[in-house]
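*Asks:* here is the input, now give the coordinates:
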Amino acid sequence: MPAPARSAALKINWAQITTSLGLKGQTVASLQAFKKRNEDVRRKVAILSETPQEVDFSHYRAILKNQAVIDEIEKAYRSFKPATYDLNNQLRTIEAFEAEAVKNAEATKGRVDMELHELEKTLKNIEEARPFEDLTVDDIASARPDIDARTAEMVSKGRWMPAGYKEKFGELSVL
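*Replies:* Numbering: from 1, shown residues only. This is a model prediction of the structure:
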């Protein structure tokens, strides 16, 4: 297991990741599952590292009468060999998860950058726009040619008011 000082998981601000990157769905669930597994393993390692490693059989021989039981337990203890596990599979899984997380983060960053660019363009348009009262009919017609076409169609059919105008704004008063 890597030394805690070198662990990338310790350097991550988990609370900030999902909010700052705007992550959703499977990416967030995967990150949360990884964080939980990481914390569980850290907790287990901390607990195991605090437990005593050696058994003081002489202490038990001094306080217990049945020495045969202590001999049997000591024999079993000395012959015990802990199982070893190949961590390469777990490391490959973690590397695959990291690669997928990086790919998802890059895709999210691309979407966020594109959205920011669009929002900046919109903001620039809003800031540079003339006030509504300064606009002319020709300005509106050049910005939205479909309005001229729709108006020409309505006039050709003898309709002078858009549908729903009276209901929404009331009668048009003539001065």
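
*Asks:* would you mark the buried spots in stretch 118-129?
*Replies:* Buried residues in stretch 118-129, counted by 16 or more other CB atoms under 10 Å: none are found. (Each C-beta comes from the backbone N, C-alpha and C, glycine too.)

*Asks:* from the contact counts, what lies against the lengthiest helix in the chain?
*Replies:* The single longest helix within the chain, with elements called by DSSP state H, is helix 88-128. Applying 3 or more CB pairs under 8 Å, 6 or more residues apart in numbering; DSSP states H and E, one finds that helix 88-128 contacts helix 14-21, helix 26-50.

*Asks:* from the chain's centroid, how far away is that helix?
*Replies:* Taking the mean of its C-alpha atoms, helix 88-128 sits 10 Å from the chain's own mean (CA atoms, centre = their mean, to the nearest Å).

*Asks:* so which of the helices and strands packed on helix 88-128 is nearest residue 160?
*Replies:* helix 14-21 (52.7 Å; CB to CB).

*Asks:* got the buried residues for the closest one?
*Replies:* 17, 21.

*Asks:* next, the angle from that helix to helix 26-50.
*Replies:* With axes from the mean of the first three to the mean of the last three CA atoms, to 10 degrees as the basis, helix 14-21 and helix 26-50 are set at 160 degrees to each other.

*Asks:* can you tell me the SS state at the residue sitting furthest away from the middle of the chain?
*Replies:* Residue farthest from the centre of the chain, counting by CA atoms, centre = their mean, is residue 65 at 61.3 Å. The three-state label given to residue 65 by DSSP: H, G, I helix; E, B strand; the rest coil is coil.

*Asks:* so, low pLDDT: which residues of the protein?
*Replies:* 1-10, 172-175 (pLDDT under 70).

*Asks:* hang on, the earlier thing: could you export the very next helix or strand once past the longest helix of the chain as CSV, keeping only the C-alpha atoms?
*Replies:* Later in the chain than helix 88-128, the nearest helix or strand by DSSP states H and E is helix 137-143. The C-alpha trace of helix 137-143 is given here as CSV (Å, rounded to 0.1, in the frame of the first residue of the first chain):
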residue,chain,number,x,y,z
VAL,A,137,-38.8,48.7,-36.6
ASP,A,138,-36.1,48.2,-39.2
ASP,A,139,-33.6,47.1,-36.5
ILE,A,140,-36.1,44.5,-35.3
ALA,A,141,-36.9,43.3,-38.8
SER,A,142,-33.2,42.9,-39.7
ALA,A,143,-32.6,40.9,-36.5
